[in-house]
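[1] Okay, here's the prediction I keep looking at, along with the sequence it came from:
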Number of protein chains: 2
Amino acid sequence: MIEPFDDTYFMKKALHEAEAAYEKGEIPVGAVVVIDGRIIARGHNLTETLTDVTAHAEMQAITAAANFLGGKYLKGCTLYVTLEPCQMCAGALYWSQISRIVYGARDLERGCINLKTKLHPKTEIIGGVLEVEGASLLKRFFAGKRNLN
Amino acid sequence: MIEPFDDTYFMKKALHEAEAAYEKGEIPVGAVVVIDGRIIARGHNLTETLTDVTAHAEMQAITAAANFLGGKYLKGCTLYVTLEPCQMCAGALYWSQISRIVYGARDLERGCINLKTKLHPKTEIIGGVLEVEGASLLKRFFAGKRNLN
């Protein structure tokens, strides 16, 4: 059966990125940017590897997508990310004027929804796509960390 | 007369960075990061040059400071920036746990204060240092842009 190019399909690709972060000992969050059914950028959290708090999956995907497009605005693009974006990433998405944000798991404490980060008026945001998978990878990561301490 | 290493002194250095952005046709915002009276990172807005909405002065200064320190947290550091940080940059500063943010001009529409971006509880923020100089450089830039159209 041919897999349709829907939100679940692309979120699986973002989850692959999150798994790549997990393998590196990074908080497992992954992202892809899609335009016209095509992935043009991928990213996963690299804050530890790069010792840089700005190296979130979304930030790298935004930069890579703009690089691919040759322009800084991501109109017509969708960002898929396994965890609800934080203030920094939502702030970057605001500047990018991206058309859609699709996230997996909610982040009640540090996510942009409860912290009321302003998105561009043309940006649609939806959540809950493969949220169990996104959240369980994070839980597994933090459980592993606790066992090390 | 020896110039004291106070907030005005370091904001002048941030203004030099903003002028460097101006010379490149970038919205003129500049930043430096200081620890123990020493500048450890500089940055200026490069969003056009890099075609990247994430390339704000503060983001580059945060990354460069962490690189200098060899750790991702900027505890004990002060960021000087000629314009009040936006949501993205304030969100990055939240993650960095920086001790102080000193900005020049207010940004009533897109700045972190009116948009209520959450800062780290240990971060102090003050504004208005050389605000006239920071704002006038921005005004000159946008006036020049209008004359080109």
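    Received the coordinates, thanks. Numbering: from 1, shown residues only, chains lettered A, B, ... in the order given.
[2] List the buried residues of stretch A:62-70.
    Buried residues in stretch A:62-70, counting neighbours by 16 or more other C-beta atoms under 10 Å in any protein chain shown, are found at A:62-66, A:69. Placement of C-beta: from N, CA and C, glycine included.
[3] sorry, that was for stretch A:89-103
    A:89-103.
[4] so of these, which ones are in helices?
    A:89-96 (DSSP state H).
[5] Could I get those residues in a markdown table, plus columns for pLDDT and distance to chain B?
    Output for these, formatted as a markdown table (pLDDT from 0 to 100; distance: C-beta to the nearest C-beta, whole Å):
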| residue | pLDDT | distance to chain B |
| --- | --- | --- |
| A:89 | 98 | 7 |
| A:90 | 98 | 7 |
| A:91 | 98 | 3 |
| A:92 | 98 | 5 |
| A:93 | 98 | 9 |
| A:94 | 98 | 6 |
| A:95 | 98 | 4 |
| A:96 | 98 | 5 |
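[6] could the residues you listed be laid out in a markdown table, adding distance to residue A:129?
    Shown next, in a markdown table, are these (distance: C-beta to C-beta, whole Å):
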| residue | distance to residue A:129 |
| --- | --- |
| A:89 | 17 |
| A:90 | 17 |
| A:91 | 22 |
| A:92 | 20 |
| A:93 | 16 |
| A:94 | 21 |
| A:95 | 24 |
| A:96 | 20 |
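[7] what are the C-alpha coordinates of the helix or strand of chain A with the lowest mean pLDDT, in CSV please?
    For chain A, using mean pLDDT, DSSP states H and E, the weakest element among its helices and strands is helix A:131-148, scoring a mean of 92. Extracted C-alpha coordinates of helix A:131-148, given in CSV (Å, rounded to 0.1, in the frame of the first residue of the first chain):
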residue,chain,number,x,y,z
GLU,A,131,2.0,12.9,20.0
VAL,A,132,2.3,9.6,21.9
GLU,A,133,5.3,8.7,19.8
GLY,A,134,6.9,12.1,20.3
ALA,A,135,6.2,12.2,24.0
SER,A,136,7.3,8.6,24.7
LEU,A,137,10.7,9.2,23.1
LEU,A,138,11.2,12.2,25.4
LYS,A,139,10.0,10.1,28.4
ARG,A,140,12.4,7.3,27.5
PHE,A,141,15.3,9.8,27.3
PHE,A,142,14.6,11.5,30.7
ALA,A,143,14.0,8.1,32.3
GLY,A,144,17.4,7.0,31.0
LYS,A,145,19.0,10.2,32.4
ARG,A,146,17.6,9.6,35.8
ASN,A,147,18.9,6.1,35.9
LEU,A,148,22.4,7.4,35.2
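[8] Show me what counts as buried in it.
    Result for helix A:131-148 [16+ other C-beta under 10 Å]: buried residues A:131, A:133-135, A:137-138, A:141.
[9] now swap in stretch A:17-36 and tell me
    A:17-22, A:26-35.
[10] Counting only helices, which of the residues you listed make the cut?
    A:17-22.
[11] ok, the residues you listed vs chain B, which is closest?
    Chain B lies nearest to residue A:21 out of those, by C-beta to the nearest C-beta, at 15.3 Å.
[12] In space, what's closest to the closest one - neighbours in sequence excluded?
    Distance criterion C-beta to C-beta, 6 or more residues apart in numbering or on different chains; nearest residue to residue A:21, sequence neighbours excluded, is residue A:44 at 3.9 Å.
[13] Counting neighbours, what do you get for the one you found?
    28 (other C-beta atoms under 10 Å in any protein chain shown).
[14] try the one 4 residues further on
    The number of residues packed around residue A:48, counting by other C-beta under 10 Å, is 14.
[15] What parts of chain A come near chain B?
    A:47-48, A:51-54, A:59, A:62-63, A:66-67, A:70-73, A:86-92, A:94-96, A:115-118 (C-beta under 8 Å from any C-beta of the partner chain).
[16] thought residue A:46 was touching residue A:60?
    Yes - using C-beta atoms under 8 Å, residue A:46 is in contact with residue A:60, at 7.0 Å.
[17] Contacts only, for residue A:97.
    Contact analysis of residue A:97 by C-beta atoms under 8 Å, 6 or more residues apart in numbering or on different chains lists A:73-75, A:120, A:122-123.
[18] cutoff 10 Å now
    Contact analysis of residue A:97 by C-beta atoms under 10 Å, 6 or more residues apart in numbering or on different chains lists A:72-77, A:119-123, B:53.
[19] For these, work out which two are farthest apart.
    A:72 and A:121 (18.1 Å; C-beta to C-beta).
[20] pLDDT below threshold where in chain A?
    For chain A, applying pLDDT under 70 flags the ranges A:1-3, A:148-149.
[21] Name the residues of stretch A:75-94 that come out as buried.
    Across stretch A:75-94, burial judged by 16+ other C-beta under 10 Å covers A:77-94.
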